[in-house]
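Visitor: sequence and predicted structure, then a few things I'm wondering about:
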Amino acid sequence: MNNEALVSIISVNYRQPQVSCDMLDSLALLEHPALEVWLVDNGAAQNQEALYKQHYSELKVITSAENLGFAGGNNLAIIRATGKYLLLLNNDTLVPKDFLLPLIEFMERHPEVGIVSPKIYYHNTPQIIQYAGVPRMNAYTGRNANPAKQRTDDGISFNGIHPTGYAHGACMLVRKTVFEQIGLLPEDYFLYYEELDFCEQARRAGWEIYYFGESHIFHRESVAVGKHNPLKTYYMYRNRWLFMRRNSNMPAYGIFVLYYLGMAVPLNLAKHALRREWAHCRAIIKAVAWNFNLKKAS
């Protein structure tokens with residue numbers, strides 16, 4: 001087993017320099033010597049490479065004046081990365097110094113595994129779980145469960161290592177050969193659902209996807225967009241339909257469309273309207289309209 005396998009860590013910043021600097025400070029303590037770290041400064045108003053290198057001296061910075069979204073930003077570094085493994089890591093995360101090596105050792109022992117994610121805790125409540133593996137999307141509703149979310153970690157129940165429906169985009173370790181086989185992250189989504197689509201593509205190509213509960217990170221969650229921002233509402237509704245279009249077969253897809261337009265969208269419009277959250281209502285309507293326009297164009 002080669003514990004020195006090169007890892008390329010890739011993170012995307014969008015106008016959150018201090019958040020990214022905190023993440024880089026935690027990366028500087030990692031117990032894995034064979035690293036390269038990439039930071040993509042997405043939609044940057046100015047070049048802040050010098051600032052970031054104060055926190056990680058060997059950092060490789062890519063500055064993009066255009067905001068390319070989660071997938072587009074990551075892809076700028078993915079095509080340049082030299083690692084055997086690529087760790088896609090949100091800039092609003094903090095990592096323990098010993099979290100990475102067990103993931104690498106696991107991947108080295110299991111060449112059939114293409115993607116793995118660790119346990120993820122909420123940063124502000126460090127024993128409350130955000131992610132500990134999830135099932136695949138329901139073919140008829142476009143929804144899936146997150147059974148561990150908001151649960152307190154008892155130190156036993158969520159420490160397993162097992163296949164999962166999807167890795168988590170905040171922290172997922174991917175073999176470079178997976179990218180070489182299926183291509184880059186899909187950029188149609190811009191924000192949210194990209195990693196779910198990528199996992200589906202990897203699975204269809206024969207790769208296994210795992211949850212590794214013996215390692216963990218901390219996630220500040222939705223720092224860039226905000227948990228209750230209408231922009232998040234727009235992309236969540238827009239991309240749920242896009243994901244199902246790309247990853248469902250008939251007749252399941254037809255049932256999903258009927259469910260989505262006949263039940264899910266009306267119910268959530270009513271919920272936001274009762275709360276007078278008109279910006280969220282407009283976001284949902286805009287998301288649905290985007291998918292109708294996409295259908296006409298395709």
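Guide: Perfect, I can see it now.
Visitor: report pLDDT for Val223.
Guide: Here, the pLDDT recorded for Val223 equals 56.
Visitor: again, but for Ser298
Guide: So, for Ser298, pLDDT stands at 46.
Visitor: now swap in Leu86 and tell me
Guide: On the pLDDT scale, Leu86 is placed at 98.
Visitor: how about the one 3 residues further on?
Guide: In the predicted model, Leu89 carries a pLDDT score of 98.
Visitor: number of nearby residues for it?
Guide: 26 (other Cβ atoms under 10 Å). Bear in mind the C-beta positions are built from the backbone N, C-alpha and C, glycine included.
Visitor: what distance do you get for it to Met236?
Guide: 22 Å (Cβ to Cβ, to the nearest Å).
Visitor: kindly report the same for Pro33.
Guide: 39 Å.
Visitor: can you name the next helix or strand after the helix or strand harbouring Ile9?
Guide: Taking DSSP states H and E as the criterion, Ile9 maps to strand 7-13. Next helix or strand after strand 7-13 toward the C-terminus (DSSP H and E): helix 17-27.
Visitor: for Val113, give me its contacts.
Guide: 106-107, 175, 207-210 (Cβ atoms under 8 Å, 6 or more residues apart in numbering).
Visitor: tell me which helix or strand of this protein sits lowest on mean pLDDT?
Guide: Here the helix or strand of the chain ranked lowest by mean pLDDT, DSSP states H and E is helix 278-297, holding a mean of 88.
Visitor: mind checking how far Phe70 is from Leu184?
Guide: Going from Phe70 to Leu184 by Cβ to Cβ gives 12 Å.
Visitor: so these two - more neighbours on which side?
Guide: Taking other Cβ under 10 Å, Phe70 and Leu184 do not tie; Phe70 has more neighbours (24 against 15).
Visitor: measure the more buried one to Ala264 for me?
Guide: Plainly put, Phe70 is 23 Å away from Ala264 if you go by Cβ to Cβ.
Visitor: and if you look at Lys232?
Guide: Taking Cβ to Cβ as the measure, Lys232 falls 16 Å from Ala264.
Visitor: same question, Glu180
Guide: From Glu180 to Ala264 the distance is 37 Å (Cβ to Cβ).
Visitor: the two: who's more crowded?
Guide: Using other Cβ under 10 Å as the criterion, Glu180 and Ala264 rank with Ala264 on top: 18 against 8.
Visitor: please enumerate the helices of this structure.
Guide: Under the criterion DSSP state H, helices of the chain are mapped to 17-27, 49-53, 69-78, 100-109, 176-182, 194-204, 230-247, 252-259, 265-274, 278-297.
Visitor: any idea which of those is most buried?
Guide: Most buried of those by mean neighbour count (mean count of other Cβ atoms under 10 Å) is helix 69-78; its value is a mean of 23.
Visitor: which other helices and strands contact that one?
Guide: Packing partners of helix 69-78 (3 or more Cβ pairs under 8 Å, 6 or more residues apart in numbering; DSSP states H and E): strand 7-13, strand 35-42, strand 60-64.
Visitor: in its sheet, what does the shortest one sit against?
Guide: Pointing back at strand 60-64 there. When sheet partners are counted by DSSP bridges, strand 60-64 sits next to strand 35-42 (parallel).
Visitor: next one: the first one
Guide: According to DSSP bridges, strand 7-13 forms sheet pairs with strand 35-42 (parallel), strand 85-89 (parallel).
Visitor: could those strands be laid out in JSON lines, adding distance to Ser157?
Guide: Supplementary listing: these in JSON lines, determined by distance: least, Cβ to Cβ, whole Å:
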{"stretch": "strand 35-42", "distance to Ser157": "32"}
{"stretch": "strand 85-89", "distance to Ser157": "25"}
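Visitor: return the most buried member of those.
Guide: strand 85-89 (a mean of 25).
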